[in-house]
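1. Everything below, folded, please.
(2 chains)
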Amino acid sequence: MKFQNTLTGQKEPFVPHQEGKVKLYVCGITAYDYCHLGHARAAVVFDVLVRFLRFSGYEVLFIRNFTDVDDKIINRGKESNLSSQEVAERFIAAYYEDMERLGVLPADVEPRATEHIQVMQDLIQKLIDTGHAYATPAGDVYFRVRSFPDYGRLSGRNIEELKSGVRIEPGEDKEDPLDFALWKKAGPDVPSWPSPWGDGRPGWHIECSAMSEKYLGLPLDIHGGGQDLAFPHHENERAQSEAASGKTFVRYWLHNGFVRVNQEKMAKSLGNFITIRDIMQEYLPEVLRFFLLGKHYRSPLDFTWERLQESERGFKRLLETAWQTGQALENQKWSATDLPEEIDREFRTAAGLWRESLEDDLNTAAALGHLFSMNRLINRILDQKKWRKSQQAGEIFSAFLDELETLGRILGLPFADPERVLSSLRKSRADRKNIDPAEVEKLIAKRQKARQDKNFEQADLIRNRLVQMGVALRDTPSGPVWEVE
RNA sequence: GGCGGCAUAGCCAAGUGGUAAGGCAGAGGUCUGCAAAACCUCCAUUCUCCGGUUCGAAUCCGGAUGCCGCCUCCA
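-> Okay, here's the model as predicted:
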């Protein structure tokens, strides 16, 4: 397995610190609003990482935190007359709903900042004791950036160049403009906790340092998050943890790229965000997931509704074949006919390649490409009557369903259950176009009758009407099947 | 301004030295009462541009152009 490591800028072989075990920490959300597609991408990408590591035989301990105390949460509370805690609870609950529908598995521990105040204070104290932090008379505590010579390495920044760009907020009492807050003194109407430095609340970065060390111990093998967290958040985490412990904090830093809209980063501040819920009103969560995995996790991913629609088509194609394969496997008497040697060989090749792709920095896009290759081979066999009934075909069908099941489990896509998903897909599409299934069924029955009477003119008339509604008909040996285009 | 990333067909996208995966869309064919789906065939002598290294480059190096991101909260 190889990963592109942000710290070194290189693709490196993955060797966990302890053989066979992976300690993984991913930055979760700040709970002050509904999750948008950017959050969905990060969640899905690292979910696939965990699933694949486990599939590969690693024992993974996976932590993903919730930031439940923060200025944005506080402001949100003030706007809506809720306490910080109420705001956080509400959006954490929404997060769980969204993630469950997206098929994102929970982490092993999902710690919240407010439940780890003591751990953070201990870490802050340690930093003060070792000269890496200082408390101001006003009651803030800052990290002394210049006490950590390696500062800037993760994000490729030079401390002297950083200095010129730093802003100092009024009221701050830093030794150096670069220093960042570990503890913020209490203010009016703001949640606070007692501390040796006076009442206050933790700075943002300290929670990840404290909680990751508490649950995983150092060094972590992998730390993940969105690209925008690399600086300053991860840089600061690294400074805190390494300064306090003297140990390596993280061995492999993984950062996912942004979801973009009109060539721009999707972000709250730009107002161009689409929530997971917005998407799920129109499309199946599985389709969204399939879309998100269609591009390598580090690259920017441009969102448009058209592309989501394309993803749905591709996803459906795979499901149709999976369903057909299951059908073929159920009710055939196998013959001894041989398949052309090249089909068998091509299938085996493609079947081995998806795993290699995932091992190469989690290349889900390439893995899906190989799946489509297998898919076409299967369709080729299915298409030829004498082939589909051969003993050898049966073996390949079984192998294909196994591959689908396995890859589906890793990618979190329900290839193993095509019938259910195809039916949800039909319903989802029908809802999108406000089509009433009962009416469609009625028209189809009428058309079937006309067809039986060989009244094709009438039958075609009905079909045209359906087409105008957006319904496509397909006559199969087992009767007509309809779907929404 | 500093640092980083990206540029592959109509659209999307994989591909880090050996001669361009895959998907969507499109054209023709097979199948079909006709369709649809599926299958077959076709669809980039070429990877933004200009130089260089090499027997050989989309892939490495130098330069140019364009787009994006971080440098302030952000997945």
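
2. just checking, residue A:387 touches residue A:377?
-> No. The pair residue A:387 / residue A:377 is not scored as a contact, 10.9 Å apart, by CB atoms under 8 Å. In short, each C-beta sits where N, CA and C put it, glycine included.

3. The two - which one has more neighbours?
-> residue A:377 (23 against 19; other CB atoms under 10 Å).

4. which residues touch the more buried one?
-> By CB atoms under 8 Å, 6 or more residues apart in numbering, the residues touching residue A:377 are A:343, A:346-347, A:350.

5. mind running it again at 10 Å?
-> Residue A:377 makes contact with A:321, A:339, A:342-344, A:346-351, A:396, A:400 under the criterion CB atoms under 10 Å, 6 or more residues apart in numbering.

6. among the helices and strands of chain A, which has the poorest mean pLDDT?
-> Every helix and strand of chain A was ranked by mean pLDDT, DSSP states H and E. The lowest is helix A:159-165, at a mean of 73.

7. Show me what that helix is in contact with.
-> In contact with helix A:159-165 (CB under 10 Å, 6+ apart) are residues A:145-146, A:148-152, A:155, A:157, A:176-178, A:231-232, A:235.

8. ok, which pair from those is furthest apart?
-> Within the contacts of helix A:159-165, A:150 and A:177 form the most distant pair, 19.1 Å apart (CB to CB).

9. So these two - more neighbours on which side?
-> Ranked by neighbour count (other CB under 10 Å), residue A:150 and residue A:177 place residue A:177 first, with 15 against 12.

10. Which helix or strand contains the more buried one?
-> Under the assignment given by DSSP states H and E, residue A:177 is not contained in any helix or strand.

11. Now do the buried residues in the helix or strand where residue A:407 lies.
-> Taking DSSP H and E as the criterion, residue A:407 maps to helix A:391-411. Judged by neighbour count (16 or more other CB atoms under 10 Å), helix A:391-411 contains these buried residues: A:392-394, A:396-397, A:399-401, A:403-404, A:406-411.

12. So for that helix, mean pLDDT?
-> Averaging pLDDT along helix A:391-411 yields 94.

13. who does the nearest residue to residue A:270 once chain neighbours are set aside bridge with?
-> Closest residue to residue A:270 apart from its sequence neighbours, by CB to CB, 6 or more residues apart in numbering: residue A:264 at 6.2 Å. Beta-bridge partners for residue A:264, by DSSP bridges, are residue A:261.

14. Next up, the contacts around residue A:264.
-> Contacts of residue A:264 by CB under 10 Å, 6+ apart are A:258, A:270, A:272, A:300, A:302.

15. Pull out the buried members of those.
-> Buried members of these, counted by 16+ other CB under 10 Å: A:258, A:272.

16. so of the contacts of residue A:264, which ones are in strands?
-> residue A:302 (DSSP state E).

17. Look at whatever residue of the stretch 301-450 of chain A ends up closest to RNA strand B and give its secondary structure.
-> Taking CB to the nearest atom of the strand, RNA strand B has its nearest neighbour within the stretch 301-450 of chain A at residue A:369, 2.1 Å off. Under DSSP: H, G, I helix; E, B strand; the rest coil, residue A:369 falls in the helix class.

18. wouldn't it be in contact with residue A:376 here?
-> No. Residue A:369 lies out of contact with residue A:376 (CB atoms under 10 Å); the separation is 11.2 Å.

19. so what sits against both of these two?
-> With CB under 10 Å, 6+ apart, residue A:369 and residue A:376 have common neighbours residue A:350.

20. rewinding a little: which one of the contacts of residue A:264 sits closest to residue A:77?
-> Nearest to residue A:77 among these: residue A:270, at 23.4 Å, using CB to CB.

21. Does the closest one touch residue A:261 like I think?
-> Yes. If you go by CB under 10 Å, residue A:270 and residue A:261 touch, sitting 8.2 Å apart.

22. Identify the residues contacting the residue of chain A most remote from its centre.
-> Relative to the centre of chain A, and counting by CA atoms, centre = their mean, the farthest-placed residue is residue A:453 at 52.8 Å. Neighbouring residues of residue A:453 by CB under 10 Å, 6+ apart: residue A:459.

23. go on, residue A:59?
-> Neighbour list for residue A:59: A:16, A:18, A:20-23, A:53 [criterion: CB under 10 Å, 6+ apart].

24. can you pull the contacts of the residue nearest to residue A:255 when sequence neighbours are not counted?
-> Distances taken as CB to CB, 6+ apart put residue A:227 closest to residue A:255, at 4.5 Å, once the chain neighbours are dropped. Residue A:227 is in contact with A:6, A:42, A:255-258, A:265, A:298, A:300, counting by CB under 10 Å, 6+ apart.

25. now residue A:227: how far from residue A:174?
-> Using CB to CB, to the nearest Å, residue A:227 is found at 27 Å from residue A:174.

26. any idea how far residue A:321 is from residue A:401?
-> From residue A:321 to residue A:401 the distance is 10 Å (CB to CB).

27. Residues in contact with both of these two, list them for me.
-> A:378, A:415, A:418.

28. so how far is residue A:222 from the closest residue to the second one other than its chain neighbours?
-> By the measure of CB to CB, 6+ apart, the closest residue to residue A:415 outside its immediate chain neighbours is residue A:408, 3.6 Å from it. Distance of residue A:408 to residue A:222, computed by CB to CB: 24 Å.

29. Many thanks, have a good one.
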